[in-house]
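Enquirer: need a 3D model of the following:
(one chain, ligands or ions: 1)
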Amino acid sequence: MRRVIVLGSTGSIGTQALDVIGRSDELEVVALAAATSFEQVVEQARAHGVTRVALADEAAAALAAEAWTEGEVLAGAEGVMSLVTETECDLVLNALVGSAGLGPTVAALGEGIDLALANKESLVVGGELVTALAEATGARIVPVDSEHSALAQLIGSERPGAVERLVLTASGGPFRGRSPEELESVTVEQALAHPTWEMGGKITIDSATLMNKGLEVIEAHHLFGVPYERIDVVVHPQSIVHALVHLNDGASLAHLGYPDMRVPISYALHHPERADVPVPALDLPALGQLTFEAPDERAFPCLRLAREAGRAGGTAPCVLNAANEVAVRAFLDGRLSFTGIPEVIERCLESLPVEPVGHFSDLSRADAAARELAGEAVEAVRA
Ligand code: MG
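Expert: Numbering: from 1, shown residues only. Prediction:
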C-alpha cells in the first residue's frame with residue numbers, strides 16, 4: 001500500500017486525485033491539506049478515513065477544528081509543512097496553487113519523500129535549489145502536469161543524448177487567433193471559459209495569457225535538464241497530443257490521449273506501475289484531424305517574458321511568477337485589464353535586478369519585492 005498525502009485536495013487536481021486513489025487498491029490517502037475550503041476538507045477526511053488535515057488559512061483551520069473532532073487539524077503555512085514532515089507517508093502529491101506550493105515541496109524532498117508535482121510554481125520559482133535537493137536526498141519528482149508527464153514517459157526509455165528537442169503543446173486558450181487590440185477588452189468570464197481543459201481560476205487565466213505555457217517551459221527545463229533553446233512550444237487546439245520529443249536519428253515520438261487529468265495523476269501516483277483509468281481509448285477517425293500552429297508572441301507576450309526570465313535565471317523566474325500571481329489576482333478582481341497582465345510583469349522584470357539564488361531565503365525576498373512592485377504596477381497600468 002502506498003501512503004499518499006494530498007496537498008490542495010479541494011482543487012481540480014486534488015479532487016481528481018482522490019477519485020484515482022479511491023479506485024485503487026494500491027493507494028491510501030493519509031493526510032489532506034487545502035488553502036481555505038475547510039468544509040470540503042472535513043468531508044473528504046471523513047470519506048477517506050483520514051485523521052490529519054491542514055488548512056493554510058488560520059481562520060479556516062479554526063473552523064475545521066470546531067466542525068471536526070475525529071482528527072487533528074494543523075493551521076497555517078507551517079501547519080501544511082508539519083503535515084508533510086510529521087505524517088508517515090510514501091508520496092506527497094503537491095497540487096497547491098502558486099508559489100505557496102514551494103515550502104511543502106522543499107519539506108517533502110528534504111525528508112527524501114517522493115513528490116508527485118502538480119504545483120509547477122515550485123520548479124519555476126525554486127528550480128535549481130529544488131532539483132538539487134531532490135538529488136541530494138534521492139527523492140523523485142514525478143510531474144503531474146500533463147505535458148511533463150507525457151515528456152517523462154517519452155524520455156523515460158531513451159538513452160542520454162538521444163533526445164534533441166522537447167515540444168510542449170498548448171491549446172492556445174480561449175483567445176487563440178485574436179489580435180493584441182482585440183484582447184484589450186476581453187472579460188474575466190471569457191478568459192475563464194477554457195476550450196479543452198477544466199481547471200482552477202489561476203491556471204485558466206494563465207492558459208488564456210499563455211503564461212501557463214511559459215511556466216511550463218521553465219518547468220521542463222528543470223525537470224529534464226534541457227536548455228531553453230531546445231524547448232519548443234506549438235499551439236494545438238485539440239489538446240490531444242500532449243508533448244513530443246525529437247530524437248537524434250530523425251524520429252519524433254508523441255504522447256496522445258483525450259485531455260483528462262486523471263491520466264497524468266494516475267501515472268504519477270502509481271509510477272513506475274500503470275493502473276486502469278476509466279477513460280476511452282482515442283478514436284482517431286472520430287477526431288478526424290489534429291492541427292498545429294506557431295504561438296503568436298505579439299498577442300501573447302507572457303510566453304516571451306517567461307522564456308526571457310528563464311534564460312536570465314537567478315531570481316528572475318521568481319519575480320516573473322510573483323508578478324504574474326499579483327496581476328492575475330487583479331484581473332480576476334476586475335482591477336486590471338487582460339493586456340495589463342503582461343505589462344505588469346514586464347515592468348517588474350525590468351525594474352528588479354536579477355540576483356543569484358544561493359538559498360531559499362533569497363527567493364522569499366525576491367518574491368516579496370516583486371509582489372510589492374507588482375501591486376504598484378497594477379495601479380500605474382490602470383491609471
Ligand atoms: Mg499543463
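Enquirer: every contact and neighbour count from this point should use C-alpha atoms.
Expert: Noted.
Enquirer: next, give phi and psi for the residue sitting furthest away from the middle of the chain.
Expert: The outermost residue of the chain relative to its centre, with distances by CA atoms, centre = their mean, is T69 at 32.7 Å. The phi/psi pair for T69 (degrees, to the nearest 10) reads phi -110, psi 0.
Enquirer: what residues sit buried inside the lengthiest helix in the chain?
Expert: With secondary structure taken from DSSP state H, the chain has its longest helix at helix 360-382. Using 16 or more other CA atoms under 10 Å as the burial criterion, the residues of helix 360-382 that qualify are 362-364, 366-367, 369-371, 373-375, 377-378, 381.
Enquirer: and the stretch 101-250 of the chain, which residues reach the ion?
Expert: Near the ion, the residues belonging to the stretch 101-250 of the chain are 145-146 when assessed by CA under 5 Å from the ion.
Enquirer: let's go with 6 Å and repeat that
Expert: Taking CA under 6 Å from the ion as the contact definition, the stretch 101-250 of the chain meets the ion at 145-147.
Enquirer: distance check, the residue farthest from the centre of the chain against A45.
Expert: Distance of T69 to A45, computed by CA to CA, to the nearest Å: 11 Å.
Enquirer: now, of the residues of the stretch 101-250 of the chain next to the ion, which are buried?
Expert: Applying 16+ other CA under 10 Å to those flags 145-147 as buried.
Enquirer: redo those as CSV? Include pLDDT, secondary structure and distance to T204.
Expert: Formatted as CSV, those follow (pLDDT from 0 to 100; DSSP: H, G, I helix; E, B strand; the rest coil; distance: CA to CA, whole Å):
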residue, pLDDT, secondary structure, distance to T204
D145, 95, coil, 14
S146, 96, helix, 14
E147, 97, helix, 16
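Enquirer: mind listing the helices for the stretch 51-200 of the chain?
Expert: Counting by DSSP state H, counting those that start in this stretch, the segments of the stretch 51-200 of the chain that form helices are 58-67, 76-86, 102-110, 121-137, 146-156, 180-183, 188-191.
Enquirer: so what touches the second one?
Expert: Applying CA atoms under 8 Å, 6 or more residues apart in numbering, the external contacts of helix 76-86 come out as 5, 31, 33, 52-58, 61, 74, 92, 103-104, 107-108, 111.
Enquirer: find the nearest non-adjacent residue to the closest residue to the ion within the stretch 151-300 of the chain, please.
Expert: Nearest to the ion in the stretch 151-300 of the chain, going by CA to the ion, is E216, at a distance of 6.7 Å. The spatial neighbour of E216 that comes closest, neighbours along the chain excluded (CA to CA, 6 or more residues apart in numbering), is K120 at 7.1 Å.
Enquirer: these two touch, right, that neighbour and L215?
Expert: Yes. K120 lies in contact with L215 (CA atoms under 8 Å); the separation is 7.2 Å.
Enquirer: state the phi and psi torsions of the residue nearest to the spatial centre of the chain.
Expert: Computing the C-alpha centroid of the chain and ranking residues by CA atoms, centre = their mean puts K120 first, at 3.2 Å. Dihedral pair for K120: phi -70, psi -30, per degrees, to the nearest 10.
Enquirer: relative to T137, how far out is it?
Expert: Noted for K120: a distance of 20 Å to T137, by CA to CA.
Enquirer: which residues are in contact with A323?
Expert: 344-345, 348, 370-371, 373-374.
Enquirer: do that again at 10 Å, thanks
Expert: 317, 329, 341-349, 367-375, 377-378 (CA atoms under 10 Å, 6 or more residues apart in numbering).
Enquirer: from those, list the ones also adjacent to the ion.
Expert: Answer for these near the ion: none qualify (CA under 6 Å from the ion).
Enquirer: next, count neighbours for A162.
Expert: 13 (other CA atoms under 10 Å).
Enquirer: how near is it to E325?
Expert: Distance from A162 to E325, by CA to CA: 37 Å.
Enquirer: same question, H242
Expert: Applying CA to CA to H242 and E325 gives a distance of 25 Å.
Enquirer: what about those two, which has more around it?
Expert: Between H242 and E325, counted using other CA under 10 Å, the more crowded position is H242 (25 against 21).
Enquirer: please enumerate the strands of the chain.
Expert: Secondary structure of the chain, counting by DSSP state E: strands at 2-7, 27-34, 52-55, 72-75, 91-94, 114-117, 141-143, 163-170, 231-235, 241-247, 252-256.
Enquirer: in the fourth one, which residues are buried?
Expert: It stands for strand 72-75. Per 16+ other CA under 10 Å, strand 72-75 contains these buried residues: 73-75.
Enquirer: specify which member of these is nearest to L96.
Expert: Checking the buried residues of strand 72-75 against L96 with CA to CA, the nearest one is A75 at 15.2 Å.
Enquirer: next, the buried residues of stretch 298-317.
Expert: Per 16+ other CA under 10 Å, stretch 298-317 contains these buried residues: 299-310, 313-317.
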